[in-house]
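# Next input, structure requested:
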Amino acid sequence: MLLSVDRERPGIVHGSRPLVHHLFVTLMVKEIHCFVRVAARLSFSGAAADLGLSQPAVSQAVARLERATGVRLFERSARAVRLTAAGAALLPYAEQVLESAAAFTAEASRLARPVIHLAYPPLVGVLAARVARRMLSRTPPVEVELHAAGRSAAAAALDAGEVSAAILATPAPARFVTAARFHVTVDHLAVPRTHPLAARARPRTSHPGEPPIRPASPFASRTDGKEPAKPGAVPTAGSSGASRTDAPGERTGSPHPGAGAMESGLSRTEGVGQGDARTDGSRHPKAGAAQPARARVGMNRAGASKGGVWPGELAGLVVLTPGGRRWAGLPGHPRMVRDDDFGAALDLVAAGVGVLPIPHLLVRSVRRDDVVFVPLEGVDLRITYALAWAGERVTNELLALVQAMQEALWTR
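Got it, this is the predicted structure:
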């Protein structure tokens, strides 16, 4: 007898052969699976039906396991099948073996899949999560590990090869290739609850106007005589379609979304450089150039409004600027906040340090008792982001990520 069951401690198995033999026994997954199914059904024919095997195949598998262990697992008669005491003691261990084997298979399958590491600013986490879901739904699936990071940390991770790509505020550093550009609407002002402007806050409702994340135009005409980039096009390092600049970033007035903008407001542009022409014939500003924010039609020229705050009312106030990029078209005294960290900037607002132009994405999600969000009237502000990566580290999975982000920007 190779193995015996400890009668005083049921389920404890002793053996006379080396440990290698016991390890071999635990690898008999098929035989153990048959044993567990027969124990559950107390029927060889029922277990065979469950497993999609013939009854003789199940009987032979159980017999092999009994020979390997030296333990009789079942009492068989013409009318019934029942577990022996040894079989009942070993059953919990057999179930654990099957669970471990399933976990091993699942983890091995996951590790065999390619993985993309994507850094993103928390402000656009909803988009990053949507891209990750799309990548998992592909055939074959590609896992995306998300890493929340500010602009400088994300750029450093790209340089070090710690992430495959990053969503960066544009213009991205010139050493990176960019695609899938989109705008985040900035249409509120965060003020301390005790500030006089807090009285102009409105009840929280769904945003009636432009979506909080919206497309930059994917078909902007080019000034170099070449065709504009088409949806799905992926810029490569050194190509004319790749957006490159060393400027620290942009915060500008933005065009209203075009016909392609979906209700969700997620969007993209490929290959639209900072000097390219707008679709209305005007010029995009050069990288880093400050732009005046456009006045909305029907704005209150008198300035003050019970429904919101107008730019002229910010004169003399400290205006916080996350990411070190001044808000174009807004008066006031700028104070830089590191790395697009709107959470830290809101702490400064609550402390009375200054006021903060803030994206509607955060207005919808942030709940604080010490800060009030007031509509910002008379300007169209935006923060522009793009997917960026190192041109020398392009893989098929990275190209799939670019495509998935483009799709996520234009569909719900």
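# Just list whatever residues bridge to Phe74.
Listed by DSSP bridges, the beta-bridge partners for Phe74 are Leu83.
# what are the ranges of the helices in the stretch 101-250 of the chain?
Assigned by DSSP state H, counting those that start in this stretch, the stretch 101-250 of the chain shows helices spanning 125-136, 151-160.
# What lies in contact with the last one?
Helix 151-160 is contacted from outside by 119-121, 147, 149, 163, 165-169, 172-173, 175-176, 249, 323, 338-340, 388-390, using C-beta atoms under 8 Å, 6 or more residues apart in numbering. For glycine as for every other residue, the C-beta is placed from the backbone atoms N, C-alpha and C.
# Could I get the CA-only coordinates of that helix as PDB?
Taking Å, rounded to 0.1, in the frame of the first residue of the first chain, the C-alpha atoms of helix 151-160 are listed here in PDB:
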ATOM      1  CA  ARG A 151       2.400  65.000 -16.700                       C
ATOM      2  CA  SER A 152       6.000  65.000 -15.600                       C
ATOM      3  CA  ALA A 153       5.800  61.600 -13.900                       C
ATOM      4  CA  ALA A 154       4.100  60.100 -17.000                       C
ATOM      5  CA  ALA A 155       6.800  61.600 -19.300                       C
ATOM      6  CA  ALA A 156       9.500  60.300 -17.100                       C
ATOM      7  CA  ALA A 157       7.900  56.800 -17.100                       C
ATOM      8  CA  LEU A 158       7.800  56.900 -20.900                       C
ATOM      9  CA  ASP A 159      11.400  57.800 -21.100                       C
ATOM     10  CA  ALA A 160      12.300  55.000 -18.700                       C
END
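# Give the buried residues for that helix.
For helix 151-160, the neighbour count (16 or more other C-beta atoms under 10 Å) marks 151, 153-155, 157-158 as buried.
# Tabulate these (CSV), appending pLDDT.
Shown next, in CSV, are the buried residues of helix 151-160 (pLDDT from 0 to 100):
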residue, pLDDT
Arg151, 89
Ala153, 91
Ala154, 93
Ala155, 93
Ala157, 94
Leu158, 93
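# Between the residues you listed, which sits nearest Leu83?
Among the buried residues of helix 151-160, Ala157 lies closest to Leu83 (C-beta to C-beta), at 55.8 Å.
# Which elements pack onto the host helix or strand of Ile32?
Element membership for Ile32 (DSSP states H and E) is helix 29-41. For helix 29-41, the packing partners by 3 or more C-beta pairs under 8 Å, 6 or more residues apart in numbering; DSSP states H and E come out as helix 44-51, helix 55-69, helix 85-112.
# Out of the ones you listed, which gets nearest to Arg76?
The closest of the helices and strands packed on helix 29-41 to Arg76 is helix 44-51. By C-beta to C-beta, the value is 8.3 Å.
# Now the closest one - C-alpha only, CSV.
What follows is helix 44-51, C-alpha atoms only, in CSV (Å, rounded to 0.1, in the frame of the first residue of the first chain):
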residue,chain,number,x,y,z
PHE,A,44,-20.1,6.8,-12.8
SER,A,45,-22.6,7.2,-15.7
GLY,A,46,-23.7,10.6,-14.4
ALA,A,47,-20.1,11.8,-14.0
ALA,A,48,-19.3,10.6,-17.5
ALA,A,49,-22.2,12.7,-18.9
ASP,A,50,-21.1,15.8,-17.0
LEU,A,51,-17.5,15.4,-18.3
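# Please work out the average pLDDT along that helix.
If you average the pLDDT over helix 44-51, you get 93.
# Please enumerate residues in contact with that helix?
So helix 44-51 is contacted by 33-34, 37-38, 40-41, 54-55, 57-59, 62, 81 (C-beta under 8 Å, 6+ apart).
# Report the buried members of the residues you listed.
33-34, 37-38, 58-59, 62, 81.
# Rebuild those residues as CSV, extending it with distance to Thr185.
CSV is the format used below for the buried ones among the contacts of helix 44-51 (distance: C-beta to C-beta, whole Å):
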residue, distance to Thr185
His33, 56
Cys34, 61
Arg37, 58
Val38, 63
Val58, 63
Ser59, 69
Val62, 66
Val81, 69
